[in-house]
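>>> Kindly generate the corresponding structure for this input.
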Amino acid sequence: MIAGLFLALPAGPHARPAVSARPVPPPADSARGTVITDTLWSQSLGTKKAVVVYLPPSYAASPSRRYPVAYYLHGAFGSEVDWTASGHLNEVMDSLAASGEPEMIVVMPDGDDGWYTTWNSLVTFDACRRKAPPRERAETYCVPWEHYDDYIARDIVQFADKTFRTRADRAHRAIAGLSMGGYGAMALAFEYPGVWSAAASHSGVLAPLYAGPTPFDGHPKWAASAAELEQWWGATFWPLISPAFGRDTAAWWSRDPGRRLERLVAARGKGAVPALFADCGTEDGLVNENRAFKAKVSELGVPIAYHEWPGKHDWAYWRTHEAESLAWIAGRMR
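Next comes the predicted model:
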(Lines give C-alpha, C1' and ligand atoms only; values in the text may rest on other atoms or scores of the structure.)
Protein backbone atom coordinates (compact mmCIF):
# COMPACT_ATOMS: atom_id res chain seq x y z
CA MET A 1 0.00 0.00 0.00
CA ILE A 2 1.15 3.54 -0.73
CA ALA A 3 -0.82 5.19 2.08
CA GLY A 4 1.33 7.15 4.51
CA LEU A 5 4.48 6.95 2.43
CA PHE A 6 4.87 10.34 0.78
CA LEU A 7 3.83 13.04 3.18
CA ALA A 8 5.83 16.25 2.92
CA LEU A 9 4.87 17.73 6.26
CA PRO A 10 6.76 20.64 7.84
CA ALA A 11 9.49 19.64 10.23
CA GLY A 12 8.71 20.00 13.91
CA PRO A 13 10.72 21.79 16.58
CA HIS A 14 12.86 18.73 17.21
CA ALA A 15 13.59 18.05 13.54
CA ARG A 16 17.10 17.13 12.55
CA PRO A 17 19.14 20.19 11.49
CA ALA A 18 19.99 20.87 7.87
CA VAL A 19 22.78 18.70 6.52
CA SER A 20 24.50 19.29 3.20
CA ALA A 21 25.93 16.43 1.21
CA ARG A 22 28.94 18.73 0.71
CA PRO A 23 29.67 20.30 4.10
CA VAL A 24 31.35 23.69 3.78
CA PRO A 25 31.89 26.56 6.23
CA PRO A 26 28.85 28.83 6.57
CA PRO A 27 29.08 31.97 4.46
CA ALA A 28 29.60 35.41 5.94
CA ASP A 29 26.51 37.59 6.31
CA SER A 30 27.57 39.54 3.23
CA ALA A 31 27.53 36.34 1.18
CA ARG A 32 24.00 35.24 2.00
CA GLY A 33 21.17 35.16 -0.46
CA THR A 34 17.73 36.67 0.02
CA VAL A 35 14.39 34.89 0.35
CA ILE A 36 11.32 36.83 -0.72
CA THR A 37 7.63 36.00 -0.98
CA ASP A 38 5.56 37.43 -3.80
CA THR A 39 2.21 36.82 -5.50
CA LEU A 40 1.24 36.48 -9.13
CA TRP A 41 -1.94 36.17 -11.14
CA SER A 42 -2.19 32.75 -12.74
CA GLN A 43 -4.25 32.76 -15.91
CA SER A 44 -4.13 28.96 -15.92
CA LEU A 45 -5.68 28.62 -12.46
CA GLY A 46 -7.81 31.77 -12.57
CA THR A 47 -6.55 33.10 -9.25
CA LYS A 48 -3.61 34.66 -7.41
CA LYS A 49 -0.93 32.35 -6.04
CA ALA A 50 2.01 32.81 -3.71
CA VAL A 51 5.60 32.07 -4.65
CA VAL A 52 8.82 32.01 -2.63
CA VAL A 53 12.02 33.03 -4.43
CA TYR A 54 15.65 32.66 -3.42
CA LEU A 55 17.97 35.31 -4.89
CA PRO A 56 21.68 34.46 -4.70
CA PRO A 57 24.27 36.42 -2.67
CA SER A 58 25.56 38.50 -5.59
CA TYR A 59 22.13 39.42 -6.96
CA ALA A 60 21.72 42.83 -5.29
CA ALA A 61 25.30 43.92 -5.91
CA SER A 62 25.39 42.88 -9.59
CA PRO A 63 22.52 44.76 -11.28
CA SER A 64 23.55 43.79 -14.80
CA ARG A 65 24.11 40.09 -14.14
CA ARG A 66 21.55 37.48 -15.15
CA TYR A 67 21.11 34.08 -13.51
CA PRO A 68 19.90 30.59 -14.37
CA VAL A 69 16.72 29.48 -12.59
CA ALA A 70 15.73 26.25 -10.85
CA TYR A 71 12.06 25.63 -10.04
CA TYR A 72 11.59 23.51 -6.90
CA LEU A 73 8.17 21.91 -6.33
CA HIS A 74 6.81 20.89 -2.94
CA GLY A 75 5.11 17.62 -2.02
CA ALA A 76 1.56 16.68 -1.11
CA PHE A 77 0.23 18.35 2.03
CA GLY A 78 2.95 20.96 1.57
CA SER A 79 3.26 24.57 0.45
CA GLU A 80 5.59 27.06 -1.18
CA VAL A 81 7.46 27.64 2.10
CA ASP A 82 8.51 24.00 2.61
CA TRP A 83 11.84 24.12 0.82
CA THR A 84 13.06 27.05 2.93
CA ALA A 85 11.22 26.46 6.22
CA SER A 86 11.80 22.70 6.44
CA GLY A 87 14.55 22.12 3.91
CA HIS A 88 16.62 25.26 4.61
CA LEU A 89 17.29 25.42 0.87
CA ASN A 90 18.50 29.01 1.13
CA GLU A 91 21.23 27.98 3.56
CA VAL A 92 22.27 25.11 1.32
CA MET A 93 22.43 27.43 -1.67
CA ASP A 94 24.54 29.93 0.29
CA SER A 95 26.94 27.16 1.28
CA LEU A 96 27.20 25.88 -2.27
CA ALA A 97 27.94 29.41 -3.51
CA ALA A 98 30.59 29.80 -0.81
CA SER A 99 32.23 26.57 -2.01
CA GLY A 100 32.44 27.87 -5.57
CA GLU A 101 29.33 26.36 -7.15
CA PRO A 102 27.55 28.57 -9.70
CA GLU A 103 24.85 30.84 -8.29
CA MET A 104 21.26 30.60 -9.45
CA ILE A 105 17.77 31.81 -8.61
CA VAL A 106 15.42 29.23 -7.10
CA VAL A 107 11.65 29.66 -7.53
CA MET A 108 9.33 27.72 -5.21
CA PRO A 109 5.64 28.00 -6.22
CA ASP A 110 2.47 27.10 -4.34
CA GLY A 111 1.15 23.92 -5.98
CA ASP A 112 -1.63 23.10 -3.50
CA ASP A 113 -2.32 19.36 -3.71
CA GLY A 114 -2.69 19.78 -7.46
CA TRP A 115 -0.24 17.13 -8.72
CA TYR A 116 1.12 19.63 -11.26
CA THR A 117 -1.28 18.39 -13.93
CA THR A 118 -4.53 19.41 -15.59
CA TRP A 119 -7.13 17.58 -13.58
CA ASN A 120 -9.23 14.87 -15.07
CA SER A 121 -12.39 16.51 -13.70
CA LEU A 122 -13.33 19.97 -12.53
CA VAL A 123 -14.02 20.40 -8.83
CA THR A 124 -16.31 23.27 -7.89
CA PHE A 125 -15.15 25.85 -5.38
CA ASP A 126 -17.86 24.77 -2.92
CA ALA A 127 -16.81 21.13 -3.18
CA CYS A 128 -13.16 22.06 -2.72
CA ARG A 129 -13.96 24.30 0.23
CA ARG A 130 -15.73 21.45 2.04
CA LYS A 131 -12.55 19.37 1.99
CA ALA A 132 -9.88 22.07 2.08
CA PRO A 133 -7.17 21.15 4.60
CA PRO A 134 -7.08 23.02 7.91
CA ARG A 135 -3.53 24.21 7.20
CA GLU A 136 -4.73 26.62 4.49
CA ARG A 137 -7.70 28.86 3.76
CA ALA A 138 -10.02 27.68 1.01
CA GLU A 139 -9.58 31.06 -0.71
CA THR A 140 -5.92 30.30 -1.40
CA TYR A 141 -6.19 26.50 -1.75
CA CYS A 142 -9.17 26.20 -4.12
CA VAL A 143 -8.91 27.36 -7.73
CA PRO A 144 -11.46 27.89 -10.51
CA TRP A 145 -9.50 25.88 -13.11
CA GLU A 146 -7.17 23.06 -12.17
CA HIS A 147 -4.54 23.52 -14.88
CA TYR A 148 -1.53 23.07 -12.60
CA ASP A 149 0.79 22.01 -15.43
CA ASP A 150 0.31 25.19 -17.48
CA TYR A 151 0.47 27.17 -14.24
CA ILE A 152 4.03 25.97 -13.62
CA ALA A 153 5.33 25.74 -17.19
CA ARG A 154 3.78 29.01 -18.39
CA ASP A 155 2.61 31.35 -15.61
CA ILE A 156 5.37 30.74 -13.07
CA VAL A 157 8.13 30.77 -15.69
CA GLN A 158 6.82 33.98 -17.28
CA PHE A 159 6.51 35.59 -13.85
CA ALA A 160 10.12 34.73 -12.99
CA ASP A 161 11.47 35.95 -16.32
CA LYS A 162 9.57 39.24 -16.09
CA THR A 163 10.28 39.92 -12.41
CA PHE A 164 13.89 38.83 -11.95
CA ARG A 165 17.11 38.97 -13.94
CA THR A 166 16.92 35.48 -15.33
CA ARG A 167 18.68 33.87 -18.25
CA ALA A 168 15.38 33.28 -19.98
CA ASP A 169 16.07 30.27 -22.16
CA ARG A 170 15.78 26.49 -21.92
CA ALA A 171 19.50 25.97 -21.35
CA HIS A 172 19.30 27.95 -18.12
CA ARG A 173 16.09 26.53 -16.63
CA ALA A 174 15.67 23.37 -14.57
CA ILE A 175 12.83 21.84 -12.57
CA ALA A 176 12.98 19.67 -9.45
CA GLY A 177 10.77 18.50 -6.64
CA LEU A 178 10.13 16.01 -3.87
CA SER A 179 7.43 13.33 -3.65
CA MET A 180 4.40 14.81 -5.47
CA GLY A 181 6.81 17.51 -6.65
CA GLY A 182 9.20 14.86 -7.94
CA TYR A 183 6.34 13.53 -10.02
CA GLY A 184 5.65 17.08 -11.22
CA ALA A 185 9.27 17.71 -12.15
CA MET A 186 9.54 14.63 -14.35
CA ALA A 187 6.05 14.82 -15.84
CA LEU A 188 6.43 18.50 -16.72
CA ALA A 189 9.95 18.02 -18.09
CA PHE A 190 8.63 15.44 -20.56
CA GLU A 191 5.44 17.34 -21.39
CA TYR A 192 7.22 20.69 -21.89
CA PRO A 193 10.76 19.70 -22.94
CA GLY A 194 11.34 23.06 -24.59
CA VAL A 195 11.05 24.86 -21.26
CA TRP A 196 13.62 23.01 -19.12
CA SER A 197 17.02 21.52 -19.84
CA ALA A 198 17.21 19.43 -16.66
CA ALA A 199 14.85 17.73 -14.20
CA ALA A 200 15.49 16.24 -10.77
CA SER A 201 13.33 14.18 -8.42
CA HIS A 202 13.77 13.41 -4.74
CA SER A 203 11.61 10.45 -3.61
CA GLY A 204 9.19 11.11 -6.46
CA VAL A 205 5.94 9.38 -7.35
CA LEU A 206 7.51 8.28 -10.63
CA ALA A 207 5.46 5.19 -11.48
CA PRO A 208 1.99 5.92 -10.07
CA LEU A 209 0.38 2.75 -11.49
CA TYR A 210 3.01 0.49 -9.92
CA ALA A 211 1.37 -2.34 -8.00
CA GLY A 212 4.28 -4.63 -7.21
CA PRO A 213 6.30 -6.65 -6.73
CA THR A 214 8.03 -5.64 -3.51
CA PRO A 215 10.95 -5.54 -3.87
CA PHE A 216 11.13 -4.59 -7.54
CA ASP A 217 12.53 -7.50 -9.55
CA GLY A 218 12.70 -5.96 -13.01
CA HIS A 219 9.19 -7.10 -13.97
CA PRO A 220 6.70 -4.48 -12.73
CA LYS A 221 3.03 -5.23 -12.22
CA TRP A 222 0.73 -2.34 -13.13
CA ALA A 223 -2.71 -1.65 -11.70
CA ALA A 224 -5.28 -2.83 -14.24
CA SER A 225 -8.43 -1.14 -12.92
CA ALA A 226 -9.68 1.79 -10.90
CA ALA A 227 -10.53 -0.60 -8.08
CA GLU A 228 -6.96 -1.85 -7.97
CA LEU A 229 -5.63 1.71 -8.04
CA GLU A 230 -7.94 2.69 -5.19
CA GLN A 231 -6.87 -0.30 -3.13
CA TRP A 232 -3.17 0.36 -3.77
CA TRP A 233 -3.34 4.06 -2.93
CA GLY A 234 -5.51 3.58 0.13
CA ALA A 235 -8.22 5.56 1.85
CA THR A 236 -5.97 8.50 2.73
CA PHE A 237 -4.46 9.22 -0.67
CA TRP A 238 -7.03 8.00 -3.19
CA PRO A 239 -9.31 11.02 -2.52
CA LEU A 240 -6.26 13.27 -2.90
CA ILE A 241 -5.00 11.96 -6.24
CA SER A 242 -8.10 10.62 -8.02
CA PRO A 243 -9.62 14.06 -8.85
CA ALA A 244 -6.37 14.98 -10.59
CA PHE A 245 -5.50 11.67 -12.27
CA GLY A 246 -9.01 10.34 -12.83
CA ARG A 247 -10.70 7.06 -11.99
CA ASP A 248 -9.63 4.91 -14.91
CA THR A 249 -6.24 3.54 -15.92
CA ALA A 250 -6.26 5.29 -19.32
CA ALA A 251 -6.26 8.69 -17.61
CA TRP A 252 -3.49 7.55 -15.29
CA TRP A 253 -1.33 6.21 -18.12
CA SER A 254 -1.63 9.53 -19.93
CA ARG A 255 -0.01 11.17 -16.90
CA ASP A 256 2.58 8.48 -16.19
CA PRO A 257 6.14 9.91 -16.39
CA GLY A 258 7.53 6.79 -18.08
CA ARG A 259 4.85 6.86 -20.77
CA ARG A 260 5.38 10.59 -21.30
CA LEU A 261 9.08 9.99 -21.75
CA GLU A 262 8.34 7.17 -24.20
CA ARG A 263 6.12 9.48 -26.26
CA LEU A 264 8.75 12.23 -26.24
CA VAL A 265 11.52 9.92 -27.43
CA ALA A 266 9.28 8.50 -30.17
CA ALA A 267 8.25 11.95 -31.38
CA ARG A 268 11.47 13.93 -31.07
CA GLY A 269 14.32 11.58 -30.24
CA LYS A 270 16.49 11.18 -27.16
CA GLY A 271 18.21 14.51 -27.81
CA ALA A 272 15.02 16.35 -26.84
CA VAL A 273 14.96 14.83 -23.35
CA PRO A 274 16.16 17.08 -20.51
CA ALA A 275 19.04 15.80 -18.38
CA LEU A 276 17.65 13.60 -15.59
CA PHE A 277 18.47 13.09 -11.90
CA ALA A 278 16.53 10.98 -9.39
CA ASP A 279 17.15 9.64 -5.92
CA CYS A 280 15.18 7.80 -3.27
CA GLY A 281 15.78 6.48 0.23
CA THR A 282 16.25 2.74 0.58
CA GLU A 283 13.68 2.73 3.41
CA ASP A 284 11.17 4.80 1.43
CA GLY A 285 7.88 3.14 0.44
CA LEU A 286 8.30 4.65 -3.04
CA VAL A 287 11.71 3.14 -3.74
CA ASN A 288 10.26 0.34 -5.90
CA GLU A 289 8.40 2.93 -8.01
CA ASN A 290 11.66 4.78 -8.49
CA ARG A 291 13.43 1.57 -9.51
CA ALA A 292 10.69 0.83 -12.03
CA PHE A 293 11.00 4.34 -13.47
CA LYS A 294 14.76 4.02 -13.70
CA ALA A 295 14.35 0.72 -15.53
CA LYS A 296 11.98 2.37 -18.02
CA VAL A 297 14.40 5.25 -18.61
CA SER A 298 17.25 2.80 -19.20
CA GLU A 299 15.08 0.71 -21.54
CA LEU A 300 14.57 3.81 -23.68
CA GLY A 301 18.33 4.45 -23.76
CA VAL A 302 18.08 7.77 -21.91
CA PRO A 303 20.85 8.66 -19.43
CA ILE A 304 19.87 9.34 -15.82
CA ALA A 305 21.87 10.12 -12.69
CA TYR A 306 20.13 7.75 -10.28
CA HIS A 307 20.95 7.25 -6.60
CA GLU A 308 19.65 5.35 -3.61
CA TRP A 309 20.84 6.32 -0.16
CA PRO A 310 19.81 5.22 3.33
CA GLY A 311 16.76 7.11 4.51
CA LYS A 312 13.00 7.39 4.68
CA HIS A 313 10.38 9.62 3.08
CA ASP A 314 10.98 12.62 5.30
CA TRP A 315 12.75 15.94 5.66
CA ALA A 316 15.76 14.34 7.33
CA TYR A 317 16.45 12.58 4.02
CA TRP A 318 15.63 15.54 1.77
CA ARG A 319 17.73 17.98 3.81
CA THR A 320 20.64 15.60 3.54
CA HIS A 321 20.42 15.20 -0.22
CA GLU A 322 18.92 18.39 -1.65
CA ALA A 323 22.47 19.72 -2.09
CA GLU A 324 23.07 16.88 -4.54
CA SER A 325 20.34 18.00 -6.94
CA LEU A 326 21.08 21.70 -6.46
CA ALA A 327 24.78 21.24 -7.26
CA TRP A 328 23.95 18.92 -10.17
CA ILE A 329 21.53 21.48 -11.64
CA ALA A 330 23.82 24.46 -11.04
CA GLY A 331 26.72 22.66 -12.72
CA ARG A 332 24.64 21.91 -15.81
CA MET A 333 23.44 25.52 -16.21
CA ARG A 334 26.72 27.35 -15.65
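
>>> Would you state the helices of the protein in chain order?
82-85, 89-98, 125-130, 138-141, 148-150, 157-163, 180-191, 226-245, 249-255, 257-268, 287-299, 315-332 (DSSP state H).

>>> packing partners for the fifth one?
Applying 3 or more CB pairs under 8 Å, 6 or more residues apart in numbering; DSSP states H and E, one finds that helix 148-150 makes contact with helix 180-191. Backbone N, C-alpha and C define where each C-beta goes, glycine included.

>>> What is the distance between the helix it packs on and the centre of its chain?
With CA atoms, centre = their mean, to the nearest Å as the basis, helix 180-191 stands 6 Å off its chain's centre.

>>> List the buried residues in it.
Residues of helix 180-191 classed as buried: 180-191 (neighbour count, 16 or more other CB atoms under 10 Å).

>>> of those, closest to residue 263?
Nearest to residue 263, judged by CB to CB, of those is residue 190 at 7.7 Å.

>>> who touches the closest one in this structure?
Residue 190 sits next to 257, 260-261, 263-264, 273 when contact means CB atoms under 8 Å, 6 or more residues apart in numbering.

>>> ok so, going back, adding distance to residue 117 and mean pLDDT, write the helices of the chain out as a markdown table.
Output for these, formatted as a markdown table (distance: least, CB to CB, whole Å; pLDDT from 0 to 100):
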| stretch | distance to residue 117 | mean pLDDT |
| --- | --- | --- |
| helix 82-85 | 19 | 98 |
| helix 89-98 | 24 | 97 |
| helix 125-130 | 16 | 84 |
| helix 138-141 | 17 | 88 |
| helix 148-150 | 5 | 98 |
| helix 157-163 | 16 | 98 |
| helix 180-191 | 7 | 98 |
| helix 226-245 | 6 | 93 |
| helix 249-255 | 6 | 97 |
| helix 257-268 | 11 | 98 |
| helix 287-299 | 17 | 98 |
| helix 315-332 | 22 | 98 |
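
>>> Just name the most buried of these.
Among the helices of the chain, ranked by average contacts under mean count of other CB atoms under 10 Å, first place goes to helix 180-191 (a mean of 29).

>>> just the angle between that helix and helix 315-332, please?
30 degrees (axes from the mean of the first three to the mean of the last three CA atoms, to 10 degrees).

>>> going forward can the numbers begin at 45, since that is how I track them
Understood, numbering begins at 45; the last thing we discussed is helix 224-235.

>>> Not counting sequence-adjacent ones, nearest residue to residue 339?
Nearest non-adjacent residue to residue 339, counting by CB to CB, 6 or more residues apart in numbering: residue 262, 6.4 Å away.

>>> Kindly report the same for residue 167.
residue 287 (5.6 Å).

>>> Quickly note the distance from the one you found to residue 172.
9 Å (CB to CB, to the nearest Å).

>>> Residue 319: neighbour count?
Residue 319 is flanked by 19 other residues according to other CB atoms under 10 Å.

>>> List the single closest residue to it in space, sequence neighbours excluded.
Leaving aside its sequence neighbours, residue 319 sits nearest to residue 242 (CB to CB, 6+ apart; 4.3 Å).

>>> Report the separation between that neighbour and residue 373.
6 Å.

>>> got any residues that touch both of these two?
By CB under 8 Å, 6+ apart, residue 242 and residue 373 have these common neighbours: 218, 321.

>>> Test my guess that residue 376 contacts residue 320.
No - when contacts are counted by CB atoms under 8 Å, residue 376 is not listed as touching residue 320 (10.8 Å).

>>> Name the residues contacting each of these two.
Common neighbours of residue 376 and residue 320 (CB under 8 Å, 6+ apart) are residue 242.

>>> chain center to stretch 323-332: distance?
Worked out by CA atoms, centre = their mean, stretch 323-332 lies 16 Å from the chain centre.

>>> quick one: buried residues of it?
Buried-residue list, stretch 323-332, by 16+ other CB under 10 Å: 323-325, 328-332.

>>> Over to stretch 92-102?
Using 16+ other CB under 10 Å as the test for burial, stretch 92-102 gives 93, 95-101.

>>> Just the closest of those to residue 155, please.
residue 93 (8.7 Å).

>>> Against residue 154, how distant is that closest one?
Counting by CB to CB, the gap from residue 93 to residue 154 is 5 Å.

>>> Tell me the residues that contact both of those two, please.
Shared contacts of residue 93 and residue 154 (CB under 8 Å, 6+ apart): residue 184.

>>> nearest spatial neighbour of residue 127, skipping sequence neighbours?
residue 133 (4.3 Å).

>>> Residues in contact with stretch 187-194: which ones?
For stretch 187-194, the external contacting residues (CB under 8 Å, 6+ apart) are 86, 88-91, 155-156, 158-163, 166-167, 169, 172, 228, 231-232, 235-236, 287-288.

>>> List the contacts of the residue nearest to residue 176 when sequence neighbours are not counted.
Distances taken as CB to CB, 6+ apart place residue 182 nearest to residue 176, at 4.1 Å, with adjacent residues excluded. Residue 182 sits next to 169, 172-173, 176 when contact means CB under 8 Å, 6+ apart.
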